[in-house]
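Coordinates only, no sequence provided:
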């Protein structure tokens, strides 16, 4: 039997575990056990933008009203009808929140494979690639949790920083980040902070809740951290770029109204405030200043591969990732506290905590469905 965590696509609070009989494998298919995966606010963003950005399409459920949220993690082959992958091999990639998954490997190489399932062929290839752990130079068995929790998010952080720098920060002197305590936001702030003292340095300001002020300040990658209520205290004449990880449209309206034409660029990234996506102006019409632009990491990946080459991009990300991990895993003041959860109930409880915003910013939950 396969157990899958199913979420109502119209009401993210409604969830249940769905049990289905294991399907027989086709000639080119493999079955993988989902060993462990990260569960963070990023996955709430996947659910919040599930229809708009096709996240529900990756792992369809029998009931079209329900969806399966994708997660980043590790899986092991338990059954294979595919040449080039062996039972017992471990891979890192995009998985369903389920006990196992059937994939259709194509382009199998020493480094991994691509899932060639028909329903995934039109989805972006970044999410369809599975890395063979034994051949992944960035893989460390003792750092699996950090890899699953942070590496996909940090790649997005790296690309946002690169987009902004590549465009001269759109003429801004300050970059303002909402949900500053979230992992993708502080990864972006870390990348921006590496420019301090250089020609491309900008001031990095974090917006967060009052409860997360102390944690966010302790990271050291923000030049200033304030709570959401204090947005209007910032200099409205200072040319500013806004990077929105919250998706809170009421907050976005306040930011646009405060800066007006001094807001040089408005970048929409996530939906950590998923329940506020519909409050205020969601489509950007009528906002003061520039219209918000949705950031889609795979599009910028394509641009950088064209200019740097795939290997060049990987080297740039790997270098930044190594430095990021030094701060994240600092012995004296780590940025991340890994919390391990086991079993169906633990997954459901963690999801509920993320949805309600009660999970401490410092925590990173690494889950397994094994009891």
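Looks like it came in fine. Quick caveat, the model's predicted, so the values are computed rather than measured. Numbers count the residues shown, from 1 in each chain.

Just the pLDDT for residue 145.
Looking at residue 145, its pLDDT reads 95.

if I pick it, what's in contact with it?
36, 38, 338, 340, 364, 366 (CB atoms under 8 Å, 6 or more residues apart in numbering). Backbone N, C-alpha and C define where each C-beta goes, glycine included.

again, but for residue 159
By CB under 8 Å, 6+ apart, the contact list for residue 159 reads 297, 300-301, 304.

swap in residue 114?
105-107, 125, 128-130.

does it sit in a helix, a strand or a coil?
strand (DSSP: H, G, I helix; E, B strand; the rest coil).

Same check on residue 303?
helix.

Around it, how many other residues sit close by?
By the other CB atoms under 10 Å criterion, the neighbourhood of residue 303 contains 14 residues.

Mind pulling up the pLDDT for it?
87.

cool, the one 4 residues further on as well?
As summarised for this prediction, residue 307 has a pLDDT of 89.

Touching the helix or strand containing it from outside, list them.
Using DSSP states H and E, the secondary-structure element containing residue 307 is helix 297-308. Helix 297-308 is contacted by residues 124-127, 155-156, 159, 162-163, 313, 316 when judged by CB under 8 Å, 6+ apart.

one more time with 6 Å, if that's ok
Helix 297-308 has contacts (CB atoms under 6 Å, 6 or more residues apart in numbering) with 124, 126, 156, 159, 163, 313.

Got a quick PyMOL command for the buried subset of these?
Buried subset of these, written as a PyMOL selection, criterion 16 or more other CB atoms under 10 Å:
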select buried, resi 156+159+163+313
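
Which of the contacts of helix 297-308 fall within helices?
Using DSSP state H, the members of the contacts of helix 297-308 that fall within helices are 156, 159, 163, 313.

ok, which stretches of the stretch 201-350 of the chain are helices?
213-218, 249-259, 297-308, 310-328, 344-356 (DSSP state H, counting those that start in this stretch).

Which helix or strand in the chain has the lowest average pLDDT?
Lowest on mean pLDDT, DSSP states H and E among the helices and strands of the chain sits helix 297-308, with a mean of 86.

Please parse the chain into its domains.
Per automatic domain parsing, the structural domains of the chain span 2-139+336-368, 151-298.

Pull up the distance across the longest one, start to finish.
Going back to what we said before, that points to domain 2-139+336-368. 14 Å (CA to CA, to the nearest Å).

Can you add pLDDT and give the contacts of helix 297-308 back as a markdown table?
Output for these, formatted as a markdown table (pLDDT from 0 to 100):
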| residue | pLDDT |
| --- | --- |
| 124 | 80 |
| 126 | 82 |
| 156 | 91 |
| 159 | 94 |
| 163 | 95 |
| 313 | 86 |
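
on that earlier part again, would you turn the ones in helices among the contacts of helix 297-308 into JSON lines with distance to residue 115?
Shown next, in JSON lines, are the ones in helices among the contacts of helix 297-308 (distance: CB to CB, whole Å):
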{"residue": "156", "distance to residue 115": "21"}
{"residue": "159", "distance to residue 115": "22"}
{"residue": "163", "distance to residue 115": "27"}
{"residue": "313", "distance to residue 115": "21"}
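
what angle sits between the helix holding residue 307 and helix 310-328?
Using axes from the mean of the first three to the mean of the last three CA atoms, to 10 degrees, the inter-axis angle of helix 297-308 relative to helix 310-328 is 120 degrees.

So which bits of helix 297-308 are buried?
For helix 297-308, using 16+ other CB under 10 Å, the buried residues are 297, 300-301, 304.

and what of stretch 42-60?
For stretch 42-60, by 16+ other CB under 10 Å, it's 42-50, 55-56, 58-59.

possible to save those as TSV with distance to residue 82?
Rendered in TSV, the data for the buried residues of stretch 42-60 read as follows (distance: CB to CB, whole Å):
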residue	distance to residue 82
42	30
43	28
44	33
45	32
46	27
47	31
48	34
49	32
50	29
55	26
56	26
58	19
59	19
